[in-house]
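Undergrad: here is my input; please provide its structure:
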Amino acid sequence: MKKLHLLASAALCVAAASSAMAQSSFEKEHAASFKEKGIAKLDRLNRDETQVFCSDPAALAGKGDPKKREAIEKANMATIKQPSDGKYLGDWKVGETVAQSGRGATWSDKAGTPNGGGCYNCHQIDKKEISHGNIGPSLWNYGKVRGNTEAVVQYTWGKIYNAKAYNACSNMPRMGHYNLLTEQQMRDVMALLLDPASPVNQ
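TA: Numbers count the residues shown, from 1 in each chain. Modelled structure (predicted):
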């Protein structure tokens, strides 16, 4: 019996070592397949703790270590910065343009060029849209259904700023955390979602 345990332990060690070597080899090949160009630097390949955790298929399926998931969500929550002037809502008309733009952060863009939110890629924003994504929930009547209490406003801001604070492996980009959208752009998207005059809430 003891011999069987030793053999099983040895097999597990070999499997773990093989897996680590395969992972290392994959990461080297992966890195070698990318070249820096314009604003697209190789540091985009660097994964933080959240991305490493969510690269595990089990974690992505919601079956990862629950304590680790909770710690990651807590760490992401701590990154959320509230608006510098305390104002959460901007101009919904500008917000609609931001939400419908998928442009930005590519090698051909100049540093400092504003990005689009690309919200339409994952969400329905307006009932008149012919085509929209369905990875995320529909945003139609977002404010009309949820209201605009302080809790809703702060939750919505936080979700846009860093969605992984609420769901560690959310597919939603961390718009504020990675400076994909400026603070003003986030205010404008907030207005699109919550302003009663916005077409989203008609």
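
Undergrad: give the contact list for the most centrally placed residue in the chain.
TA: Centroid-nearest residue in the chain: P173, 2.3 Å away (criterion: CA atoms, centre = their mean). Contact analysis of P173 by CB atoms under 8 Å, 6 or more residues apart in numbering lists 118, 163, 180. Placement of C-beta: from N, CA and C, glycine included.

Undergrad: make it 7 Å
TA: Contact analysis of P173 by CB atoms under 7 Å, 6 or more residues apart in numbering lists L180.

Undergrad: got it, and N201?
TA: Contacts here follow CB under 7 Å, 6+ apart; on that basis N201 touches 141, 143-144.

Undergrad: how close does N76 get to D91?
TA: 28 Å (CB to CB, to the nearest Å).

Undergrad: and what of M190?
TA: Distance from M190 to D91, by CB to CB: 10 Å.

Undergrad: so for these two, which sits in the more crowded spot?
TA: M190 (24 against 16; other CB atoms under 10 Å).

Undergrad: torsion angles phi and psi at the more buried one?
TA: Main-chain dihedrals, M190, degrees, to the nearest 10: phi -60, psi -40.

Undergrad: what do you get for T50?
TA: phi -60, psi -50.

Undergrad: and A40, by the same measure?
TA: Dihedral angles (degrees, to the nearest 10) for A40: phi -80, psi 100.

Undergrad: flag the shaky bits of the protein, pLDDT-wise.
TA: Residue ranges of the chain with pLDDT under 70: 1-24, 26, 30.

Undergrad: mind listing the strands in it by residue range?
TA: Read by DSSP state E, the chain holds no strands at all.

Undergrad: quick one: the helices in it?
TA: 2-32, 49-54, 57-60, 66-77, 92-99, 142-146, 150-161, 183-194 (DSSP state H).

Undergrad: closest to T97 out of the contacts of N201?
TA: When the contacts of N201 are ranked by distance to T97 (CB to CB), G143 comes first, at 18.2 Å.

Undergrad: burial count for the closest residue to the closest one other than its chain neighbours?
TA: For G143, ignoring the flanking residues on the chain, the nearest one in space by CB to CB, 6 or more residues apart in numbering is L194 at 4.0 Å. L194 is flanked by 24 other residues according to other CB under 10 Å.

Undergrad: run through the residues that contact L194.
TA: 89, 142-143, 148, 153, 156.

Undergrad: picking up where we left off before, just send the helices of the chain back as CSV, with distance to L42 too.
TA: As requested, the helices of the chain are exported to CSV (distance: least, CB to CB, whole Å):
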stretch, distance to L42
helix 2-32, 7
helix 49-54, 15
helix 57-60, 24
helix 66-77, 24
helix 92-99, 28
helix 142-146, 37
helix 150-161, 26
helix 183-194, 27
